[in-house]
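# Take this sequence and fold it.
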Amino acid sequence: MAEESQPEMDINYLLSDFSTKLRDIEEKQRLIKDRVLLIGENLVNAKEESVQEISSLKIRTEHIEKEIERIKDTLSSLIEEIQNLARKSELEILQRQFKMFQPLAKKRV
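Numbers count the residues shown, from 1 in each chain. All right, here's what the predicted structure looks like:
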């Protein structure tokens, strides 16, 4: 009987060891599953934040482009107006000519 109980004890030991290892593996698998779920949630959150930031940047870029277009239009109109203005030297010439004809205007009165 002692001989039969030895193999039986060996089998019980092996089954117990197998059961312990199986529980350890199941626990590791559960931990890995939890970590993978957390990583997945983090990825989803990061993606959502990235999409929101990209949308915000697109809107800001559109506003900046509109502002630049307005500045270009304003500069164009200013350049056109400046071309129509008289230069200082031109005004001085006109002033001299006016002074030359001014004595004639006084004599008529």
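# So which residues of the chain form helices?
With DSSP state H as the criterion, the chain has helices at 2-84, 88-108.
# so can I have JSON lines of the ones you listed showing mean neighbour count and mean pLDDT?
Heads up, the C-betas are built off the backbone N, CA and C, glycines and all. Formatted as JSON lines, the helices of the chain follow (neighbours: other Cβ atoms under 10 Å; pLDDT from 0 to 100):
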{"stretch": "helix 2-84", "mean neighbour count": "10", "mean pLDDT": "92"}
{"stretch": "helix 88-108", "mean neighbour count": "9", "mean pLDDT": "77"}
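# Next up, the contacts around residue 6.
Not one residue lies near residue 6 by Cβ atoms under 8 Å, 6 or more residues apart in numbering.
# Relative to residue 13, how far out is it?
With the distance defined as Cβ to Cβ, to the nearest Å, residue 6 ends up 10 Å from residue 13.
# go on, residue 86?
111 Å.
# go on, residue 60?
70 Å.
# One more: residue 22?
Distance, residue 22 to residue 13, by Cβ to Cβ: 15 Å.
# cool, and residue 74?
Taking Cβ to Cβ, one finds residue 74 at 90 Å from residue 13.
# How about residue 53?
59 Å.
# repeat for residue 65
From residue 65 across to residue 13, the span is 77 Å (Cβ to Cβ).
# Likewise for residue 49?
Computed as Cβ to Cβ, the residue 49 to residue 13 distance reads 54 Å.
# Same question for residue 70.
Using Cβ to Cβ, one gets 85 Å for the distance from residue 70 to residue 13.
# And residue 29, by the same measure?
For residue 29, the distance to residue 13 - Cβ to Cβ - is 24 Å.
# With residue 26 instead?
Per Cβ to Cβ, residue 26 is found 20 Å from residue 13.
# what's the answer for residue 30, then?
26 Å.
# and what of residue 100?
Taken as Cβ to Cβ, the span from residue 100 to residue 13 is 129 Å.
# go on, residue 75?
Distance of residue 75 to residue 13, given as Cβ to Cβ: 91 Å.
# Kindly report the same for residue 56.
The gap separating residue 56 from residue 13 is 64 Å, by Cβ to Cβ.
# What of residue 88?
110 Å.
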